[in-house]
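Engineer: Sequence isn't available, so here's the structure alone:
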Ligand code: AMP
Ligand code: ZN
């Protein structure tokens, strides 16, 4: 056997073992034996680089780092799905499609709606080529290196199937893997992730593919898209896809009437909680490809498919106590502490009560039996009270009057739903919350420092505010509990590096009430420096586009506070970016001042985001819908027909990408 043959044989063998393990869940060799073979292959490949293959099993461990994911236009648009919630909705849908195709003879496939992030896998000549996120449906991000680390996705196909096709599926994070990840995070003093779906979709965009490889992601496939007319029906094509190695769930079924569809829905409404992953509905598709073609698409979704959403699950349990949480801005959130109860696969002990109005509206009282519901979020909601179960001695809830953390009297301003603790600089969760916000990813993005460590540093008296971070010395940190020298080093370096973070993010990081990410960007762009912003008066502030009275007043309050002025002066002395850098001012003009643009379709010379940025950099505004105020529509390929119609009827000029480029040059 030649070396090339040996390499080939090992690759094939390892692909087979991956399939047996990750798709069929029936491995035939031990992990140890697998590793030996993989190492052997790795060594042969290292010694014979001329036989490199991007789809080799050795290429799945990750390690490549992507700074910017490339935008890729989908060959076939990724549509969304219309929703239905009742039998009537489904019967209406059936009537509509029967009318279009002129027959009552329609077969359906029923699939569960897997709750994760959609992915489009392209295969050419039976080999995996690339993976792209759904994005806006027309174009998405190339996340190939990350997706390759998911071992249930076949890279090489052997057997009878179509040659060139796209495989659509959902990247999911199975529940047990999700829980394990969170246990580790909690043990490391990190915030647990909120839910499997967001964690799965966040994983796709991680820059370090080795990090992705560590996550127990999986991919469930639900659609074969191809021009080759090899299969007559959706069900048949999915069976064939499964046979060639794709993970197509066994839960899919055929139905010959809406009644049969409903039987599938009802059966899975409860059984779905036994599945190892989350689902949020059923997707019903017309099975025959020919009928699918006749039905076609609306502007948004295929006419031949519809999603049926499961109702959120509700249970009744007793409310034992209402406690109050203090957020980083001092906002108070009432929390219902419940008699533990099973709901949608987890045990629920706490639920959100939102605010005082909500408690009053529902008339929730301690001792009540309440209905708890779980939607998409991890923290469930109280939906109502079973009044027939109310104890006779029950008294209406009196909302907290004082902060549970620092005993300061709470305030509530007109028009605000929430109560606040005004003790901004003396209330522990507000102090640490501000610092935690400051270091967070979208703000200063400080590597090597997490939320729990902030609490520890505060408890040890090492920091009182975010400026104190920049005075920390490594000798102070090393003696702390659970702190290795290496992590201390990383933390100091992370803090040092944050001095390069651009002004708009620093402004967001400061945690001025009502100044979120977008507002911070607007303010940074308009005022260009913290000094200009902090000396601006009310009139100047509200004259800025989209800055209202509430934000303006909050900025004034911040700027007039002596403590804040001192903090800002300290940040300046550490060399942080408190003004817009010369570099980012470059290329900015006022050429498009006062003009409002709507961008639609797919572009060639720049991506949609670059186009939007170019509009903003030149002083223009981007809006998402066409109105009388729109100055221009920049139209790319495949501009939506409804947008086109609207622009024409309002007489809004439609310009091309090229026209736009000439406009700014
Ligand atoms: P929506 O985002 O609500 O418009 O629903 C469309 C999304 O449902 C698709 O982009 C898929 O990511 C997802 N989905 C989950 N399971 C399925 C399935 N079995 N068939 C089609 N789409 C599915
Ligand atoms: Zn307080």
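Structural biologist: Looks like it came in fine. Just so it is clear, the model here is predicted, and its values are computed rather than measured. Ligands and ions are numbered 1, 2, ... in the order given.
Engineer: Return the list of helices and strands in contact with the helix or strand harbouring residue 131.
Structural biologist: Counting by DSSP states H and E, the element that carries residue 131 is strand 127-133. Strand 127-133 sits against strand 117-124, strand 139-141, helix 144-147, with contacts defined as 3 or more C-beta pairs under 8 Å, 6 or more residues apart in numbering; DSSP states H and E. Quick note: C-beta positions are derived from backbone N, CA and C, even for glycine.
Engineer: Where does the residue of the stretch 101-250 of the chain found nearest ligand 2 sit, in terms of helix or strand?
Structural biologist: Of all residues in the stretch 101-250 of the chain, residue 191 sits closest to ligand 2, at 21.4 Å by C-beta to the ion. For residue 191, there is no host helix or strand (DSSP H and E).
Engineer: Can you tell me how far it is from ligand 1?
Structural biologist: Per C-beta to the nearest ligand atom, to the nearest Å, residue 191 is found 26 Å from ligand 1.
Engineer: Could you pull up the residues touching the residue most central in space within the chain?
Structural biologist: Closest to where the C-alpha atoms of the chain average out (C-alpha atoms, centre = their mean) is residue 198, at 4.5 Å. Under the criterion of C-beta atoms under 8 Å, 6 or more residues apart in numbering, residue 198 has no contact partners.
Engineer: Buried residues of the helix or strand hosting it, list them for me.
Structural biologist: Under the criterion of DSSP H and E, residue 198 resides in helix 196-204. For helix 196-204, the neighbour count (16 or more other C-beta atoms under 10 Å) marks 196, 197, 198, 199, 200, 201, 203, 204 as buried.
Engineer: which residues touch the first one?
Structural biologist: Which is residue 196. 115, 116, 172, 173, 174, 175, 178, 277, 278.
Engineer: Hmm, the last one is touching residue 175, no?
Structural biologist: Same thing as residue 278. Yes. Residue 278 lies in contact with residue 175 (C-beta atoms under 8 Å); the separation is 6.8 Å.
Engineer: Compare these two and say which one has the larger neighbour count.
Structural biologist: residue 278 (24 against 16; other C-beta atoms under 10 Å).
Engineer: how near is that one to residue 206?
Structural biologist: 21 Å (C-beta to C-beta, to the nearest Å).
Engineer: same question, residue 105
Structural biologist: From residue 105 to residue 206 the distance is 48 Å (C-beta to C-beta).
Engineer: okay, those two: which has more neighbours?
Structural biologist: Using other C-beta under 10 Å as the criterion, residue 105 and residue 206 rank with residue 206 on top: 18 against 10.
Engineer: Contact partners for the more buried one?
Structural biologist: Neighbouring residues of residue 206 by C-beta under 8 Å, 6+ apart: 146, 212.
Engineer: Next, it: secondary structure please.
Structural biologist: Recorded secondary structure, residue 206: coil (DSSP: H, G, I helix; E, B strand; the rest coil).
Engineer: all numbers from here: first residue = 20
Structural biologist: OK, 20 is where the count begins now, so the last one is residue 225.
Engineer: Help me confirm that the residue of the stretch 120-269 of the chain closest to ligand 2 comes into contact with residue 200.
Structural biologist: No. Applying C-beta under 8 Å, one finds residue 210 not in contact with residue 200, separated by 11.9 Å.
Engineer: between these two, which one's more packed in?
Structural biologist: Neighbours were counted for residue 210 and for residue 200 using other C-beta under 10 Å; residue 200 has more, 19 against 13.
Engineer: Quick check, the more buried one in contact with residue 212.
Structural biologist: Yes. Between residue 200 and residue 212 there is a contact under C-beta under 8 Å: 6.6 Å.
Engineer: Please enumerate the shared neighbours of these two.
Structural biologist: residue 218.
Engineer: By residue count, what's the longest strand in this protein?
Structural biologist: Longest strand in the chain, counting residues (DSSP state E): strand 332-345.
Engineer: what helices or strands is that one leaning on?
Structural biologist: Contacting strand 332-345 under the criterion 3+ C-beta pairs under 8 Å, 6+ apart are the following elements: strand 351-362, strand 388-393, helix 447-458.
Engineer: Would you indicate which residues of the first one are buried?
Structural biologist: Right, the one you point to is strand 351-362. Going by neighbour count (16+ other C-beta under 10 Å), the buried part of strand 351-362 is 351, 353, 355, 357, 362.
Engineer: On the secondary structure side, give me the element for residue 437.
Structural biologist: Using DSSP H and E, residue 437 sits in no helix or strand.
Engineer: any idea how far it is from residue 470?
Structural biologist: In this view, residue 437 and residue 470 are 22 Å apart by C-beta to C-beta.
Engineer: Show me what secondary structure element comes after the helix or strand bottoming out on mean pLDDT in the chain.
Structural biologist: Ranked by mean pLDDT, DSSP states H and E, the weakest helix or strand in the chain is helix 601-604, scoring a mean of 74. Counting by DSSP H and E, the element after helix 601-604 in chain order, helix or strand, is strand 615-619.
Engineer: And for that next one, what's in contact with it?
Structural biologist: 627, 630-631, 634, 639-645, 648-655, 658-659, 662, 666, 671.
Engineer: Show me those residues that map onto strands.
Structural biologist: Of those, the ones assigned to strands by DSSP E are 640, 641, 642, 651, 652, 653, 654.
Engineer: Identify the residue nearest the second one in space, chain neighbours excluded?
Structural biologist: With C-beta to C-beta, 6 or more residues apart in numbering as the criterion, residue 641 has its nearest non-adjacent residue at 4.9 Å, and that residue is residue 631.
Engineer: Show me where the stretch 520-669 of the chain dips below the pLDDT cut-off.
Structural biologist: Within the stretch 520-669 of the chain, no range satisfies pLDDT under 70.
Engineer: and whichever residue of it sits closest to ligand 2, helix, strand or coil?
Structural biologist: Using C-beta to the ion, the single residue of the stretch 520-669 of the chain nearest to ligand 2 is residue 532, 15.0 Å away. Of the three states, residue 532 takes coil according to three-state DSSP.
Engineer: how near is it to residue 343?
Structural biologist: As for residue 532, its distance to residue 343 is 19 Å (criterion: C-beta to C-beta).
Engineer: Likewise for residue 474?
Structural biologist: 19 Å.
Engineer: Is it possible to get JSON lines of the buried residues of strand 351-362 that adds pLDDT and distance to ligand 1?
Structural biologist: Below are those laid out as JSON lines (pLDDT from 0 to 100; distance: C-beta to the nearest ligand atom, whole Å):
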{"residue": "351", "pLDDT": "93", "distance to ligand 1": "34"}
{"residue": "353", "pLDDT": "94", "distance to ligand 1": "31"}
{"residue": "355", "pLDDT": "95", "distance to ligand 1": "29"}
{"residue": "357", "pLDDT": "96", "distance to ligand 1": "30"}
{"residue": "362", "pLDDT": "83", "distance to ligand 1": "22"}
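Engineer: Closest to residue 252 out of those?
Structural biologist: residue 362 (37.9 Å; C-beta to C-beta).
Engineer: Ligand 2 versus that closest one, what's the distance?
Structural biologist: Distance of residue 362 to ligand 2, computed by C-beta to the ion, to the nearest Å: 32 Å.
Engineer: Thought residue 399 was touching that residue, still the case?
Structural biologist: Yes. Counting by C-beta under 8 Å, residue 362 touches residue 399, with 6.5 Å between them.
Engineer: Would you mind listing the residues touching both of those two?
Structural biologist: 391, 393.
Engineer: Can you measure across stretch 197-215, start residue to end residue?
Structural biologist: The first and final residues of stretch 197-215 sit 6 Å from each other (C-alpha to C-alpha, to the nearest Å).
Engineer: what pLDDT, on average, does that stretch get?
Structural biologist: Mean pLDDT, stretch 197-215: 81.
Engineer: can you pull the buried residues of it?
Structural biologist: 197, 200, 201, 212, 215.
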